[in-house]
Each structure stands twice: as C-alpha cells, then as structure tokens.
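Chemist: need a 3D model of the sequence below.
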Amino acid sequence: MIWVWIGFTVFVLAMLALDLGVFHRKTHTVGMKKALAWSGVWIALAGVMALFAYLHYGLAMELVFVGAKMPLAGFYIIPTLTSLLLIVGVLAISVIMSLLRPKKVVVNAETVTPANS
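Modeler: Model prediction:
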C-alpha cells in the first residue's frame with residue numbers, strides 16, 4: 001500500500017512541475033480587469049452556494065461515507081456504481097431540499113425565510 005502513496009505523491013509533484021515549468025513558464029502581470037473578473041466569479045459562486053441551505057449537511061454525509069468506506073476497503077469493497085449513486089443521490093436530495101424548504105433565519109426575534117428578508 002505504501003507504493004500507492006509514493007506513486008500518488010510522485011504523480012502530484014510531476015503534475016506540479018509540468019504546470020509551473022511548462023504551462024506557466026513566462027511570468028505575467030495580472031491586470032486589474034482580469035483580477036476583478038475572477039473575484040466576481042468566486043463571489044458569485046459563493047453567493048449561489050449560499051442559496052443551498054442544506055448542502056453542507058449533504059457534504060457532511062458524503063465525508064462520513066468516504067471516511068467509513070476507506071477503512072472498510074480492506075474487508076469489503078463497495079462497488080463504484082453504488083458509491084457514485086449514493087454520492088449523487090445525497091447531493092441531489094440536499095439541493096432539492098434547499099430549493100423546496102428554505103432554512104428559516106431569525107432576524108431581530110422575527111422568523112423570516114430568506115426570500116422575505
């Protein structure tokens with residue numbers, strides 16, 4: 001098993017060397033327009049992710065599943081299709097629940113939904 005980790009580490013370091021040494025060999029200055037555009041992209045993505053109030057519960061369930069699957073791999077192997085279906089299913093349910101039932105927000109002792117605030 002140690003050879004798998006050594007191989008993975010060598011692969012990651014090789015890809016990093018390829019990225020920095022070949023693809024981004026020339027240094028360049030990032031202009032204000034490009035920096036603002038990318039900042040806007042990441043802020044918009046964070047805003048969209050904030051709409052899914054229950055997504056973090058789905059992601060937590062995925063982490064628990066993966067964390068339980070790894071030590072069990074020596075005893076029982078869960079089929080790949082089963083893992084993928086479980087992951088996609090849990091994420092889909094958490095997104096659908098976020099769209100159907102927005103989480104309640106308490107503001108100044110009033111309970112309002114995000115759509116009403």
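Chemist: can you count the residues close to Ile2?
Modeler: Other residues near Ile2 come to 6 when the count uses other CB atoms under 10 Å. Heads up, the C-betas are built off the backbone N, CA and C, glycines and all.
Chemist: quick check: the gap between Leu51 and Ala17.
Modeler: 39 Å (CB to CB, to the nearest Å).
Chemist: and for Met32?
Modeler: Met32 is 31 Å from Ala17, by CB to CB.
Chemist: who has more neighbours, the two?
Modeler: More neighbours surround Ala17 than the other of Met32 and Ala17, with 10 against 7 (other CB under 10 Å).
Chemist: SS state for the more buried one?
Modeler: helix (DSSP: H, G, I helix; E, B strand; the rest coil).
Chemist: so which residue is dead centre in this protein?
Modeler: Leu59 (7.8 Å; CA atoms, centre = their mean).
Chemist: which SSE is that one in?
Modeler: Per DSSP states H and E, Leu59 falls inside helix 55-72.
Chemist: and if you look at Ala50?
Modeler: Assigned by DSSP H and E, Ala50 falls in helix 32-51.
Chemist: between helix 55-72 and that helix, find me the angle.
Modeler: 80 degrees (axes from the mean of the first three to the mean of the last three CA atoms, to 10 degrees).
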